[in-house]
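>>> coordinates for the following, if possible.
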Amino acid sequence: MDHNMMNSLRQLGQMGEQLQKMFGEDFMKRVMPNPANMSNVPNSPNIPGMGPDFSQFQNMWNWQDSKNPRTDLYQTRNELIAVFEIPGLERSSDVKVGVEPYRLYVRGQYSIRYSGVAEDQFHLTERQRGAFERDIPLPVRVIANKARASYRQGLLEVRMIKDEGSKGIGKNNYLSIDFE
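As a prediction, this is how the structure comes out:
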């Protein structure tokens, strides 16, 4: 998939997230047809990913089923705090956190390791596997080089100090993570 397509899909996903915030978590479930009943929808579009099984398309709207970690972002008087739900990380090299004055992103790999268990031995596998990525535009400017991150009990917390006075362009700052 090319870079422009990925950016478009990311923007579409962010728009879906905003719609969920405005109209509630189950908004997309109310507007999107049920895949099992898709054949009954008159003049349903014949678009790749929109046939009887369009789970890839639906996953853009359902963050719980996607590989993007669920996230809370809130602010206090002096800080912006992001909390990412990323279970199973074992070491700081499993995740990379970057902070820019108006942007926060997290990239990494879910760590689900079973020693001695072959893939064909699984009867059910629902836990997240593989790469994850989350890119969040920040509502206020932060001081990138003063951001701090910690990981405890499956939650990655990133604390960023608000930058009330500076108007200059800051550089990207990769964070070291306090890993417990």
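>>> outline the domain layout of the chain.
With automatic domain parsing as the criterion, the domains of the chain are listed as 1-66, 67-180.
>>> and the ones you listed, which one's lowest on average pLDDT?
Looking at the domains of the chain, the lowest mean pLDDT belongs to domain 1-66 (a mean of 55).
>>> helices of this protein, residue ranges please.
Residue ranges of the helices in the chain, as given by DSSP state H, are 3-23, 27-31, 55-59.
>>> what is Arg134 paired to in the beta sheet?
Val106 (DSSP bridges).
>>> nearest residue to Val142 other than its sequence neighbours?
Of all residues beyond its chain neighbours, the one nearest Val142 is Met160 (3.9 Å), with distances taken as C-beta to C-beta, 6 or more residues apart in numbering. All C-beta atoms are positioned from the backbone trio N, CA, C, and that covers glycine.
>>> I'd assumed Pro101 was in contact with the one you found.
No. Between Met160 and Pro101 there is no contact, the gap being 9.6 Å when judged by C-beta atoms under 8 Å.
>>> more neighbours, the two?
Neighbour count, other C-beta atoms under 10 Å: between Met160 and Pro101, Met160 has more, with 27 against 20.
>>> would you mind naming the residues that bridge with the more buried one?
So, taking DSSP bridges as the rule, Met160 has Leu80 as bridge partners.
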